[in-house]
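1. All I have is the shape, not the residue letters:
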């Protein structure tokens, strides 16, 4: 059974950078749409970024709060997606999850999450 495993989280100062990775393992993985989400303490989980593989390449979409600072990418050969996070702010502190979208259009496969903490 396919599993998603995130890594790369940690503690960083304001203005710093982190690169999150999410690897799909345990079977054949052919999802064309992946996403990153985050959940801060006491808050609901929120969308961060998505990447969709199309016939002409890939399309990314970002939440307004991270646009221009975060970049999502994908290495299809390695079944891995990345989230490069630059100019981090304390409000970016959260548990970050990657997820895969099904053909029905719902995110039905989730990783266990990785903690990102940005100190002021």
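-> Cool, got the structure. Just so it is clear, the structure is predicted and the values come from calculations on it, not from any experiment.
2. For this structure, give me the ranges with low pLDDT.
-> Counting by pLDDT under 70, the chain shows no low-confidence range.
3. Just give me the residue right at the centre of it.
-> Per CA atoms, centre = their mean, the C-alpha nearest to the average position across the chain is that of residue 36, at 2.8 Å.
4. Check the secondary structure at it for me.
-> strand (DSSP: H, G, I helix; E, B strand; the rest coil).
5. Pairing-wise in the sheet, spell out the partners of it.
-> residue 49, residue 98 (DSSP bridges).
6. So it versus residue 56, what's the distance?
-> Distance of residue 36 to residue 56, computed by CB to CB, to the nearest Å: 22 Å. Where C-beta positions appear, they are placed from N, C-alpha and C, glycine not excepted.
7. swap in residue 29?
-> When distance is defined by CB to CB, residue 29 is 21 Å away from residue 56.
8. Between these two, point out the one with more neighbours.
-> residue 29 (17 against 6; other CB atoms under 10 Å).
9. So that one lies in a helix, does it not?
-> No - under three-state DSSP, residue 29 falls outside any helix and is assigned coil.
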